[in-house]
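*Asks:* When you get a sec, could you give me coordinates for this:
(chains A, B, C and D)
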Amino acid sequence: MIDKTLASVADAVADTEDGATVAVAGFGAAGSPVELLHALIEQGAKKLTVINNNAGNGKVGLASLIASGRVAKMICSFPRSAGSVVFPDLYRAGKIDLEVVPQGTLAERLRAAGAGIPAFYTPTSVGTPLADGKETRDFDGKTYVMEPWLRADIALIKADVADTHGNLIYNMTARNFAPIMCMAATTTIVQAREIVDPGSINPETVVTPGIFVDRVIHVPNPEHEDDLLRAARSYP
Amino acid sequence: MIDKTLASVADAVADTEDGATVAVAGFGAAGSPVELLHALIEQGAKKLTVINNNAGNGKVGLASLIASGRVAKMICSFPRSAGSVVFPDLYRAGKIDLEVVPQGTLAERLRAAGAGIPAFYTPTSVGTPLADGKETRDFDGKTYVMEPWLRADIALIKADVADTHGNLIYNMTARNFAPIMCMAATTTIVQAREIVDPGSINPETVVTPGIFVDRVIHVPNPEHEDDLLRAARSYP
Amino acid sequence: MSWTPDEMAARAALDIPNGAYVNLGIGMPERVADFVPEGRTFVYHSENGLLGMGPEPAETERDPDLINAGKKPVSLNPGASFFHHADSFAMIRGGHIDYCVLGAMQVAQNGDLANWSTGAEDAIPAVGGAMDLVAGVKTIYIVTRHTTKDGEPKLVETCTYPLTGLGVVKRIYTDLAVVAVLENGFKLVETAPGVAADEVRKKTAAPLA
Amino acid sequence: MSWTPDEMAARAALDIPNGAYVNLGIGMPERVADFVPEGRTFVYHSENGLLGMGPEPAETERDPDLINAGKKPVSLNPGASFFHHADSFAMIRGGHIDYCVLGAMQVAQNGDLANWSTGAEDAIPAVGGAMDLVAGVKTIYIVTRHTTKDGEPKLVETCTYPLTGLGVVKRIYTDLAVVAVLENGFKLVETAPGVAADEVRKKTAAPLA
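*Replies:* Here you go, the predicted structure:
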C-alpha cells in the first residue's frame, strides 16, 4: 500500500534545512501554495534560495517569507508586480540577491532538471545583458546560449485534486510552473484541496504523475492569494 | 472561423515531397496511423526519411511503406520486432539506411525540435558505440553526450478525438510519441476516430493543443495494426 | 491627424491573417483583440499556460485561477486548452506562435528591440517572457507611440537601452505611421491620415526609406 | 540446487522496498512482478507512457492500445497514469524511477553492462530504451543465468560485447548466487541452497570477494 499523505503542512515542511533551494509554484496569485508558505515561515529555515516566476505579492505567502528575512536569493523572471513592495525594498537595501532569468528559460531549466538534462541551448537572450558571461554556440548559422538545469531541494505545490499516490490535477491557469517544479525537486510537497483514492482520477487526465510527488497534505479550503491581497491581509 | 479538417487522407498527404522527413507515431501497433500510411504509399513520394520507434510490423502500415521502396532511411530505437521481416531484409541487402537512437534520446530530440532547443546533453549512451563520434562534455564530474534536435517535415498521427482546431486526445498507450511528433513537425497531419466542435474537449484534458496540428481527417473506423497483423493482412 | 492607440491596434490587427496563433503583450498591444477584422478568428496564447484565451469576463464570472500573463482575469474561447509553463514556452521558442504584438522603448533599423529595461542604476531588473517571445515567435509586431513623452524618437539607428532581442522586429505601428523593418533598414509603409512623410522622418532617428 | 528463474526473480523482489517505482525489462525480469513480498506495493513503469501498469488481462479484457514496452497486453492498477514518450523518459533519465531490473549478456566487475548487442557483423542494431534505463534509473539490478548456454561466464573482468552503460549495475541475481557490485569489484552476497561459493567463483571470470 502506498500513501503519501501527511497530517499537516507543518509536518510536510518540518525537515527543511537552512540553505535549501525551494521551488514555489504559482504565477502571480494563481497556484500560490499559501498554506505551505506560511508553514515554512513557522518552520524557520533560513538562507533559502527561492525559485518563483515573481517575488511575492502584498504581504502574504511568498512575500511574507521574503519579509521574514529567510530568503537569501530569488531566482525569477519578473520580481516586480503590482502589489509587491517587500522584495524591492530588501533588494535596494542589498539584503537579498536576485538572479533574473527569462521566463521560458526558467521553465526549461526546471524541466531539464526533472528530465536529467544538465544543459541545453536556447535562442532566448542572445545579444542581451542576460547572456553576459554565458557560453554561446552556433547551430545552423544561428547563435544560441547554453543554459544549465535548475534543481530544487523541495518544491511547494498547490493542486486542486490529488490521490494518495500523488497523482495531481490543477485548476485552470493555477497549473503554470507546478508540473515542472514537481519534476525538478528532490522532495515535492503538495497541498491539495481534495484528496481521493487511487483510481479516482482518470489515468488519461492526470497532469502530474505521482512519481514526481513525495508528500500530499489535505488543505480543504485553501486561501487564495488573490483574496488575501484584496483584503489587504498580512501574515503573520 | 478556424477549421483544420480535410476531406480525405489522400488530400492530407497530397503535397508530400520526395526526400521529406516523416515522423510516424506509434509504438508497435498502438497509435500507428495505418490509413495515413497507406495514403502515403498511394501518393508515391520517394526517398523518405522515416522516424518511428520501430521499423514496421508485418506487411501493413509502415512496413508496407518500407516494402514499397520509398524509404531511404529509418531513424528508430528498435528496428527489430516480432512480425517485422520487411526492414531486416532490405537492411541486409544494403537498400535502406538506419540510424539507431536510444529510445529516450529519440523522444527528447523530437521534443527539443518542437521546443526550439537545437541541442542538449544527456547521460544516455555515454561510453557505448552509439556515442561514437559524438561530442561529450562533463558537468559536475559526470560525462554527457550532446544530441541535436530532430525535426520532421511532416508528422502522421493517430488520435482518438480531435476538434476542428486540432486539439487532440489519444487512447491509452496509443499516445506514446504522438504529442512530441506533433511538436517536431512543420506540418502535422492527424487522423481522428471522432471529430468534435471546439469546446467539446475539456480544456483541462487536452493532450495536444491545436497549435501543434495543421490538418485533421476523420477516419471513423480506423484499422488497428494489431488486428491486421493477427489476420496476416498485407497492403496493398 | 495621428492615430489613436485604438487605431494603432486596429491597424496592426489588419496585418494578421485568419487562424493565426497570437500573443499580445501587456498594455496597448492587448487592444488588438478588440479590433479583429470581420471574418477572421485569432487564437490567443498566454504565457502562463493558456491557448484560446477570451476577453475579460463580468465581475461575477471571474475565477482567480483563470488569468492572463498580465495577471488579469480572462475567459475561455471554444477550443481552449491549459498546459504547463515548459509546454507554453515550447510553443513560443519552437516557432509555433505566428504573431506577437509588443510595446517598445526603442527599435533599431536592423530590427533590434529594447523593451524591458532602461538600464537605470536603481532599476530592479524584470524581463518576464519578453526575450523568449522575440526569440521564438515567427513575426514580431510593435505597437508604440512614435516618440517618447519627451519627444525623443523611439525608432533609432542603434538601441541605447539594454536589448530584448537582436534583429527581431518586422513592423512597427505608431501613432504616425506603419514602418516595416527590411534588410536595409526602415521603410515607410503608410502614414496616418494628414500626417506627412516628412514629419514621420523628422521624428525617426534613422533613415526611413 | 540452483535457483529457478522464478526463484531468481523472487530473490530480486525481496531487495525492492515498498512503494518503489520499478521498471522491469522484457523476459525473466518481468517475473519480479509475480513475487512481490507480502505487504509491499510496487508501481510499475512502462517506457511507452504508462505508470501503474497491471498484469496481463484476460483475453476478453484486452485493448490493443493498452500494451507494455514489450508490446504485450497489460491492465491498469489504481493510480495509473498515461503520458507521452518524452515525459516517460524524463522519469527515467531524471532519476525518478527507483529500480530497474534487466537481463544481461555480460556484467563487468566495475558494473559495466552489455545487454543490447553481440556486436556480430550481420546483426541489426536495436537498443530500445536500455541505454536510457541504465543511465537514469537510481538502482539497476540484473537477473540472469550465471553462465551462457555454452557455459561461458557472464560476470567478467571486462565486457567484450558492446556496452549498454558504464558502471551502472548494483546487484546481480543469478541461478547460483546474489552478487553485489562494489567499488572494488564483485562481492558474493548469498549462494543458492546447496551451491558452494567455490562453484560460483569457478563460473565467474573475475575476482569474487
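
*Asks:* residue boundaries of the helices in chain C?
*Replies:* Per DSSP state H, chain C carries helices over the ranges C:5-14, C:85-93, C:130-136, C:197-202.

*Asks:* list the helices and strands the first one packs on?
*Replies:* Identification of packing neighbours for helix C:5-14 by 3 or more CB pairs under 8 Å, 6 or more residues apart in numbering or on different chains; DSSP states H and E yields strand C:139-143, strand C:169-173. (Glycine included, C-beta is placed from N, CA and C.)

*Asks:* about what we covered before: dump the helices of chain C into a markdown table; add mean neighbour count and mean pLDDT as well.
*Replies:* Formatted as a markdown table, those follow (neighbours: other CB atoms under 10 Å in any protein chain shown; pLDDT from 0 to 100):
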| stretch | mean neighbour count | mean pLDDT |
| --- | --- | --- |
| helix C:5-14 | 19 | 97 |
| helix C:85-93 | 28 | 98 |
| helix C:130-136 | 29 | 98 |
| helix C:197-202 | 14 | 97 |
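
*Asks:* and of the helices and strands packed on helix C:5-14, who's closest to B:Pro220?
*Replies:* strand C:139-143 (37.3 Å; CB to CB).

*Asks:* same for that closest one, what does it pack against?
*Replies:* Against strand C:139-143 (3+ CB pairs under 8 Å, 6+ apart) you get helix C:5-14, strand C:99-102, strand C:169-173.

*Asks:* In CSV, list these along with distance to D:Leu208.
*Replies:* Putting the helices and strands packed on strand C:139-143 into CSV (distance: least, CB to CB, whole Å) gives the following:
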stretch, distance to D:Leu208
helix C:5-14, 75
strand C:99-102, 64
strand C:169-173, 69
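
*Asks:* any chance of the helices of chain C in TSV, plus distance to B:Asp160?
*Replies:* Formatted as TSV, the helices of chain C follow (distance: least, CB to CB, whole Å):
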stretch	distance to B:Asp160
helix C:5-14	36
helix C:85-93	20
helix C:130-136	30
helix C:197-202	55
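
*Asks:* residues in contact with the closest residue to A:Gly116 other than its chain neighbours?
*Replies:* In space, and not counting its chain neighbours, A:Gly116 is closest to D:Arg93: 3.3 Å by CB to CB, 6 or more residues apart in numbering or on different chains. Counting by CB atoms under 8 Å, 6 or more residues apart in numbering or on different chains, D:Arg93 touches A:Ala115, A:Gly116, A:Ile117, B:Gly104, B:Glu108, B:Thr122, B:Pro123, B:Thr124, D:Asp132, D:Ala135, D:Gly136.

*Asks:* What about residue 193, how many residues nearby?
*Replies:* No chain was given, so I picked chain A. 15 (other CB atoms under 10 Å in any protein chain shown).

*Asks:* oops, I was thinking of chain C
*Replies:* Other residues close to C:Pro193 by other CB under 10 Å number 9.

*Asks:* who in chain A is up against chain B?
*Replies:* A:108, A:112, A:115-123, A:137, A:139-140, A:142, A:144, A:148, A:169-170, A:172, A:202-205, A:207 (CB under 8 Å from any CB of the partner chain).

*Asks:* Produce a ChimeraX select command limited to the buried residues of those.
*Replies:* Selecting only the buried entries of the residues of chain A next to chain B in ChimeraX, with 16 or more other CB atoms under 10 Å in any protein chain shown as the criterion:
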select /A:108,112,115,116,117,118,119,120,121,122,123,144,148,169,170,172,203,204,205,207
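
*Asks:* before we move on, the earlier item: got the helices and strands packed on helix C:5-14 as a markdown table, with mean neighbour count and mean pLDDT columns?
*Replies:* Below are the helices and strands packed on helix C:5-14 laid out as a markdown table (neighbours: other CB under 10 Å; pLDDT from 0 to 100):
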| stretch | mean neighbour count | mean pLDDT |
| --- | --- | --- |
| strand C:139-143 | 25 | 98 |
| strand C:169-173 | 24 | 98 |
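
*Asks:* Report the separation between C:Ala206 and chain D.
*Replies:* 44 Å (CB to the nearest CB, to the nearest Å).

*Asks:* Equivalent analysis for C:Arg62, please.
*Replies:* Distance of C:Arg62 to chain D, computed by CB to the nearest CB: 31 Å.

*Asks:* Please look at that residue and A:Arg230 and confirm they touch.
*Replies:* No. Here C:Arg62 does not reach A:Arg230: they are 11.6 Å apart, not a contact under CB atoms under 8 Å.

*Asks:* quick one, which of those two is more surrounded?
*Replies:* Of the pair C:Arg62 and A:Arg230, C:Arg62 is the one with more neighbours under other CB under 10 Å, namely 16 against 13.

*Asks:* partner strands of the helix or strand containing A:Glu147, parallel or antiparallel?
*Replies:* Here A:Glu147 sits within strand A:142-148, counting by DSSP states H and E. Strand pairing for strand A:142-148, determined by DSSP bridges: strand A:119-122 (antiparallel), strand A:136-139 (antiparallel).

*Asks:* Pull out the CA atoms of stretch C:117-125 and give them to me as CSV.
*Replies:* Extracted C-alpha coordinates of stretch C:117-125, given in CSV (Å, rounded to 0.1, in the frame of the first residue of the first chain):
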residue,chain,number,x,y,z
SER,C,117,14.8,47.8,-19.1
THR,C,118,16.0,51.4,-19.2
GLY,C,119,19.3,50.2,-17.7
ALA,C,120,18.9,52.7,-14.9
GLU,C,121,21.2,52.1,-12.0
ASP,C,122,18.5,51.6,-9.4
ALA,C,123,16.0,49.7,-11.6
ILE,C,124,15.1,46.2,-10.4
PRO,C,125,15.6,44.0,-13.5
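
*Asks:* does any bit of it sit next to chain A?
*Replies:* Yes. Applying CB under 8 Å from any CB, one finds that stretch C:117-125 is in contact with chain A at C:Ser117, C:Asp122, C:Ile124, C:Pro125.

*Asks:* From the residues you listed, list just the buried residues.
*Replies:* Buried among those (16+ other CB under 10 Å): C:Ser117, C:Ile124, C:Pro125.

*Asks:* Excluding chain neighbours, what is closest to the first one?
*Replies:* In other words, C:Ser117. Leaving aside its sequence neighbours, C:Ser117 sits nearest to C:Pro162 (CB to CB, 6+ apart; 4.7 Å).

*Asks:* those helices in chain A, which residues are they?
*Replies:* Using DSSP H, the helices of chain A run over residues A:9-13, A:34-43, A:61-67, A:86-92, A:103-115, A:178-184, A:225-230.

*Asks:* Minimum distance to C:Tyr44: which of those has it?
*Replies:* Evaluated with CB to CB, the helices of chain A place helix A:103-115 nearest to C:Tyr44, the distance being 17.2 Å.

*Asks:* Could you check how far C:Pro162 is from chain D?
*Replies:* From C:Pro162 to chain D the distance is 34 Å (CB to the nearest CB).

*Asks:* And for A:Asn53?
*Replies:* Counting by CB to the nearest CB, the gap from A:Asn53 to chain D is 21 Å.

*Asks:* Assess the claim that that residue and A:Met74 are in contact.
*Replies:* No. Applying CB under 8 Å as the test, A:Asn53 and A:Met74 come out as separate, 10.5 Å apart.

*Asks:* between those two, who's got more neighbours?
*Replies:* A direct count of neighbours by other CB under 10 Å for A:Asn53 and A:Met74 places A:Asn53 higher, at 28 against 25.

*Asks:* Identify the residues contacting that one.
*Replies:* A:Gly26, A:Phe27, A:Gly28, A:Cys76, A:Ser77, A:Phe78, A:Gln103, A:Leu106, A:Asn176, A:Phe177, C:His85.

*Asks:* Of those, which is the nearest to B:Ser8?
*Replies:* For those, the nearest to B:Ser8 is C:His85 (38.0 Å; CB to CB).

*Asks:* who's sitting farthest from the centroid in chain C?
*Replies:* Within chain C, C:Thr60 marks the point farthest from the mean C-alpha position, 30.0 Å out by CA atoms, centre = their mean.

*Asks:* who's C:Thr139 bridged to?
*Replies:* Listed beta-bridge partners, C:Thr139: C:Tyr99 (assigned using DSSP bridges).
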